[in-house]
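> would you be able to build a 3D model of this:
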Amino acid sequence: MEIIDKALEFEQRKHTFKTTSERIESSREVKSLILSLNDIYKVDKDPEIMDLMKRLTVIKQKIEKRLKGRP
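Alright, predicted model coming up:
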């Protein structure tokens, strides 16, 4: 279950990004983690995996909001 470990590590990581490229890399990384967790969830139907995906999605939305900028 290294995917779950990577996802938990990403969740605990500090989310201060100095450059746009760091934000883009982070957004892509969290997206791949969410998709990998989704594949595992389809087989196991474990509610803890769903909760982890929801928490990662919130982080991803914050990163993408920052990337798009505010009007």
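
> when you work out contacts or count neighbours from here on, use the C-alpha atoms and nothing else.
Fine.

> check the gap between the residue nearest the centre of the chain and R23 for me.
Closest to where the C-alpha atoms of the chain average out (CA atoms, centre = their mean) is V30, at 3.1 Å. Per CA to CA, to the nearest Å, V30 is found 11 Å from R23.

> quick one on the thing from earlier: mind checking which helix or strand the residue nearest to the centre of the chain is in?
V30 is part of helix 20-44 when elements are defined by DSSP states H and E.

> gap between the helix or strand containing D5 and the chain center?
Secondary structure assignment for D5, by DSSP H and E: helix 2-12. The chain centroid and the centroid of helix 2-12 are separated by 9 Å, computed with CA atoms, centre = their mean, to the nearest Å.

> which elements pack onto it?
helix 20-44, helix 47-68 (3 or more CA pairs under 8 Å, 6 or more residues apart in numbering; DSSP states H and E).

> can you check the pLDDT for D39?
At D39, the pLDDT value in this model is 94.

> so what's the residue count around it?
Using other CA atoms under 10 Å, D39 has 10 other residues around it.

> please apply the same query to E9.
Residues lying near E9 (other CA under 10 Å) number 11.

> how near is it to I3?
10 Å.

> what does I49 give?
Going from I49 to I3 by CA to CA gives 11 Å.

> comparing these two, which residue is more hemmed in?
Taking neighbours as other CA under 10 Å, I49 and I3 compare with I49 leading, 17 against 14.

> which residues touch the lowest-mean-pLDDT helix or strand in the chain?
Ranked by mean pLDDT, DSSP states H and E, the weakest helix or strand in the chain is helix 2-12, scoring a mean of 90. With contacts defined as CA atoms under 8 Å, 6 or more residues apart in numbering, helix 2-12 is touched by V30, L33, S36, L37, L52, R55, L56, I59.

> narrow these to those that are buried.
V30, L33, L37, L52, L56, I59 (16 or more other CA atoms under 10 Å).

> now those residues in CSV, with distance to K14?
Converted to CSV, these look like this (distance: CA to CA, whole Å):
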residue, distance to K14
V30, 13
L33, 17
L37, 21
L52, 17
L56, 13
I59, 11
